[in-house]
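[1] missing the sequence, but the structure's below:
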């Protein structure tokens, strides 16, 4: 079978690494890929929003499965576009992808299906939004409705911050059309967790819990990023609670979508806030998280290709999905300055030495190969991932591995998984 992965980050390297373990995979293509995926398959110079180009490539190269890494191609209709030509796609249809593509859509569906979430209002008028926030208690959360590369959420601690966020999104249009509609909601207090499930339209199979680290700085300070590290499982969401969490946050959505003829097939990801009043859903993603995918793939014992095909065909069962009992931890090495301006083109050394440490795998994200050696091209450069018998060992191995790797202007958080250790 020939497989095409769409995307070019650390998530896609992790997916390529796991897919390559299937002996029936003949050719593996990644569009556009990175320096890590180039070592596992063939990178194709197609961007993830080039749906027409992806369809043409899939038809011309006998692709038997398209795997959507990021959300954008799904929101743009990748699943329908390739399915029209008989090529299966791991990822939901355009309608279901609105769960991530439109925060207003997601919040309204949560409300309709009884999924616990923060109280909210949706506005497409700056004047009405401004009038509302001036009466809303602080802190409050203001979200651009559409896709904003993970940057369209502001937790306003002051009224000035709230007003500035509305002006930026709705007047200055810093996120383009994505910010013309906004969601204003109450700020939930608690600790975050990530919970994902494989879905085939009717059956759901939960994956182990995780905790992501969004802020750039230690102790959750500074700007939001795409994620500076993750670990699995998260003690705040233990395994004995997975079934109840699936019933709370995943099943109501998938059953509703099936009932209206828009079955969800792929990965449904619930971002959770564990509050004193119980878990609340912050948002949904319609694909693997990044960097959460890296520690998940490190723990996945079953064959990923078989799981994906079962999701597409509607034949998923819990027996198909097995994870190692070990703990995994991923530390993201970034370019200093990220998530704002950062340098590029730094030569990277030490990956082989890092992978010489027991149970360590270095997933490349913002990289390309230059004369056969990796150089940086993005803000998040590497995801150093390790397994361990417990969280302490996985964390120690991951940080030991980061010390083996060098590139100029590198930066990483020193406190990944500390919250989990305090609960262990």
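    Yep, that arrived. Bear in mind that the values here come from a model prediction, so they are computed numbers and not experimental data.
[2] do me a favour and get the end-to-end distance for stretch 65-84?
    With CA to CA, to the nearest Å as the measure, stretch 65-84 spans 13 Å from end to end.
[3] buried set for stretch 113-122?
    By 16 or more other CB atoms under 10 Å, the buried positions in stretch 113-122 come out as 115, 117, 118, 120, 122. (C-beta placed from N, C-alpha, C; glycine too.)
[4] figure out the helix or strand that the last one lives in.
    Assigned by DSSP states H and E, residue 122 falls within strand 120-123.
[5] tell me how far that strand lies from the chain's centre.
    Taking CA atoms, centre = their mean, to the nearest Å, one finds the center of strand 120-123 at 25 Å from the center of the full chain.
[6] tell me which strands it pairs with, and in which orientation.
    strand 182-186 (antiparallel) (DSSP bridges).
[7] which residue, other than its chain neighbours, is closest to residue 402?
    Excluding the flanking residues, the one nearest residue 402 by CB to CB, 6 or more residues apart in numbering is residue 384, at 5.0 Å.
[8] surely that neighbour is within a strand?
    Yes. Counting by DSSP: H, G, I helix; E, B strand; the rest coil, residue 384 is part of a strand.
[9] so what's it up against?
    330, 331, 332, 333, 354, 360, 362, 363, 398, 401, 402, 405 (CB atoms under 8 Å, 6 or more residues apart in numbering).
[10] who are the contact partners of the nearest residue to residue 250 once chain neighbours are set aside?
    The spatially closest residue to residue 250, leaving aside those adjacent along the chain, is residue 197, at 4.8 Å (CB to CB, 6+ apart). Residues near residue 197 by CB under 8 Å, 6+ apart: 204, 205, 206, 207, 246, 250, 267, 268.
[11] partner strands of the helix or strand of the chain with the lowest mean pLDDT, parallel or antiparallel?
    In the chain, no helix or strand scores lower on mean pLDDT, DSSP states H and E than strand 221-224, which sits at a mean of 89. When pairs are called by DSSP bridges, strand 221-224 turns out to pair with strand 215-217 (antiparallel).
[12] not counting its own residues, what contacts the partner strand?
    Outside strand 215-217, the residues touching it (CB under 8 Å, 6+ apart) are 221, 222, 223, 224, 225, 228, 334, 338, 339, 413.
[13] what about the closest residue to the last one other than its chain neighbours, distance to residue 340?
    The shortest distance from residue 413 to any non-neighbouring residue, by CB to CB, 6+ apart, is to residue 228 (4.8 Å). Here the distance between residue 228 and residue 340 works out to 14 Å (CB to CB, to the nearest Å).
[14] so between these two, which is more surrounded?
    Per other CB atoms under 10 Å, whichever of residue 228 and residue 340 has more neighbours is residue 228, with 30 against 8.
[15] surely that one touches residue 412?
    Yes. Assessed by CB atoms under 8 Å, residue 228 is found in contact with residue 412 at 7.2 Å.
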